[in-house]
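Colleague: The following comprises the amino acid sequence and a computationally predicted model.
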Amino acid sequence: MSSLFPTYQRLDIHVKEANGTHLTDEKNQTYLDFISGIAVCNVGHRHPEVQKAVEEQLNKVWHVSNLFHQSIQEEVASLLVANSSGDAVFFCNSGAEANEAAIKLARKHTKKHKIITFTKSFHGRTFATMTATGQAKIHEGFGPLVNEFVYLPYNDVESLEAEMDDTVAAIMTEVVQGEGGVVPGTESFLTTIQKLCQEYGALFIVDEVQTGIGRTGKPFAYQHFNLSPDIITAAKGLGSGMPVGAMIGKAFLTESFGPGSHGTTFGGNPIALASAKATLQIIFNKQFLEEVNAKSVTFNNRLAEMLESYSVVKEVRGKGFMIGIECGEYQAQLITEMREKGLLVLGAGPHVIRLLPPLTVSNEELAEALNIMKQVFQELKVTI
Ligand SMILES: *Cc1c(COP(=O)(O)O)cnc(C)c1O
């Protein structure tokens, strides 16, 4: 028997080494990795500049706690603030913790309780973030949940307008739903959330744990629209694999999170932040993001064109390098066949194949992935 809790259904791949866009297993088989540790390794595995920054930090200090000033925290916070609508950062260790902090801050600041989130959202696995997650299967067996969370259909302006009133503390949403099936929020929906929050004195929280840190071609995905959220949460891509999360909030919120109000032992750990600093210096660069946009637009067009003739494909959608292929009941089979041909991709919900290549992926690697996908879809077409 394994000595691990069986919380994960793991792939039969024993990873020995990771480098750039590639994983190598113990049988020396190499894979093209379009999972990127679930949107974490946005600059590829072990990017040399990030690795160097972590190695240098290992030789200075590993951990002292937040009882001390640590200049690396100010440096990473400055980068996040300079590239978002926020003014101050709280560091933690994961996406769930960043969202947990956002929910706590929203209740404390507004002195209200009700939080609106959306069906098929995903916000984490702690009690409050699990409750915020609008999916019954995530809640199953864990009740009673946290009080006063309300779920509305995503991209539905009417139901939101009908529900909104001045008892709402916050509306929390992903800009592109990730786990729920790679569903981009519409401009009218997202701008309505912001407008209603302003009108009724609620906070507008965007969960950028998956969409943030360049994944969609902007530092944060909300920047594709004319939006200025009060709170932004980030994690996955922030540390390139070192565990780190961040809640970024506007200046007016700082008074509600004073000394003793919230905390974490590991949050803001200097090794994780050395990784984050090097990662952000690469990604929050105009030229880098222009290249991500150019590569992803070309790839997404070619992908949509290539899949046009396959009737199992209902839709190709997404933003930047967060791409979903809606393919109904064949999802699991297609993912397995891609893996057998050396391409690692993941699911999002039961019917969508999700592609999350590193932002540093080369045009050759993108062409190789297209080629594998084409073979797999072609073989399926012949058999059905
Ligand atoms: C992954 C994810 C989370 C949870 O992050 P953890 O680091 O696993 O706690 C929260 N929100 C979104 C949108 C995510 O994709």
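Modeller: Structure received.
Colleague: From start to finish, how long is stretch 103-117 in a straight line?
Modeller: End-to-end span of stretch 103-117 (C-alpha to C-alpha, to the nearest Å): 11 Å.
Colleague: what distance separates that stretch from the centre of its chain?
Modeller: In this view, stretch 103-117 has its centroid 22 Å away from the chain centroid, taken as C-alpha atoms, centre = their mean, to the nearest Å.
Colleague: That one near the ligand at all?
Modeller: No - Stretch 103-117 lies apart from the ligand when judged by C-beta under 6 Å from any ligand atom; the minimum separation is 10.8 Å. For the C-beta atoms, the positions are set from N, CA and C on the backbone; glycine is no exception.
Colleague: of all the residues in the stretch 201-350 of the chain, which ones are close to the ligand?
Modeller: Where the stretch 201-350 of the chain comes near the ligand, counting by C-beta under 6 Å from any ligand atom, the residues are Asp207, Val209, Gln210, Ala235, Lys236.
Colleague: Could you break this protein into its assigned domains?
Modeller: Following automatic domain parsing, one gets these domains for the chain: 15-47+286-383, 48-283.
Colleague: Mean pLDDT for these - can I get that in a markdown table?
Modeller: A markdown table is the format used below for the domains of the chain (pLDDT from 0 to 100):
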| stretch | mean pLDDT |
| --- | --- |
| domain 15-47+286-383 | 97 |
| domain 48-283 | 98 |
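Colleague: and Thr7, which of these is closest to it?
Modeller: Comparison of these against Thr7 by C-beta to C-beta identifies domain 48-283 as nearest, at 9.8 Å.
Colleague: For that closest one, what is the distance to the chain centroid?
Modeller: With C-alpha atoms, centre = their mean, you get 10 Å for domain 48-283.
Colleague: Need the residues that contact stretch 257-277.
Modeller: 50, 53-54, 56-58, 60-66, 70, 72-73, 75-76, 79, 90-93, 97, 101, 104-105, 108, 238-245, 249 (C-beta atoms under 8 Å, 6 or more residues apart in numbering).
Colleague: Quick check: PyMOL command selecting the buried ones in those.
Modeller: Per 16 or more other C-beta atoms under 10 Å, the buried members of these correspond to this PyMOL selection:
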select buried, resi 50+53+54+57+70+72+73+76+79+90+91+92+93+97+101+104+105+238+239+240+241+242+243+244+245+249
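Colleague: So which of the contacts of stretch 257-277 sit within strands?
Modeller: Judged by DSSP state E, those include Phe90, Phe91, Cys92, Gly245, Gly249 as members of strands.
Colleague: List just the nearest of those residues to Pro229.
Modeller: For these, the residue nearest Pro229 by C-beta to C-beta is Gly249; the value is 9.2 Å.
Colleague: excluding its backbone neighbours, what's nearest the closest one?
Modeller: Closest residue in space to Gly249, ignoring its immediate chain neighbours: Ile231 at 4.8 Å, by C-beta to C-beta, 6 or more residues apart in numbering.
Colleague: Which residue lies closest in space to the most centrally placed residue in the chain, excluding its sequence neighbours?
Modeller: Central residue of the chain (C-alpha atoms, centre = their mean): Gln210, 0.5 Å from the mean position. Computed as C-beta to C-beta, 6+ apart, the closest residue to Gln210 that is not its neighbour in sequence is Gly178, at 3.9 Å.
Colleague: What is the neighbour count of the residue nearest to Tyr310 when sequence neighbours are not counted?
Modeller: Among residues not flanking Tyr310 along the chain, Phe377 sits closest, at 4.9 Å (C-beta to C-beta, 6+ apart). The number of residues packed near Phe377 is 22, by other C-beta atoms under 10 Å.
Colleague: May I ask which helix or strand encompasses Phe377?
Modeller: Using DSSP states H and E, Phe377 falls within helix 363-383.
Colleague: Now do the buried residues in that helix.
Modeller: So for helix 363-383, counting by 16+ other C-beta under 10 Å, buried means Glu365, Leu366, Glu368, Ala369, Leu370, Ile372, Met373, Val376, Phe377, Leu380.
Colleague: can you list contacts of it?
Modeller: Around helix 363-383, the neighbours that count as contacts under C-beta under 8 Å, 6+ apart are 21, 32, 34, 295, 298-299, 302-303, 306-307, 310-313, 330, 333-334, 337-338, 341-343, 355, 357.
Colleague: Okay, and which of the residues you listed map to helices?
Modeller: Among the contacts of helix 363-383, the residues falling in helices (DSSP state H) are Lys295, Thr298, Phe299, Arg302, Leu303, Met306, Leu307, Gln333, Leu334, Glu337, Met338.
Colleague: got the contact list for the residue in the chain that the ligand sits nearest to?
Modeller: Scanning the chain for the residue nearest the ligand gives Gly95, at 2.2 Å (criterion: C-beta to the nearest ligand atom). Neighbouring residues of Gly95 by C-beta under 8 Å, 6+ apart: His123, Gly124, Asp207, Val209, Gln210, Thr233, Ala234, Ala235, Lys236, Gly245.
Colleague: Assign the first one to helix, strand or coil.
Modeller: In other words, His123. coil (DSSP: H, G, I helix; E, B strand; the rest coil).
Colleague: doesn't Lys137 fall inside a helix?
Modeller: Yes - assessed by three-state DSSP, Lys137 belongs to a helix.
Colleague: and it, how far is that from Tyr330?
Modeller: 21 Å (C-beta to C-beta, to the nearest Å).
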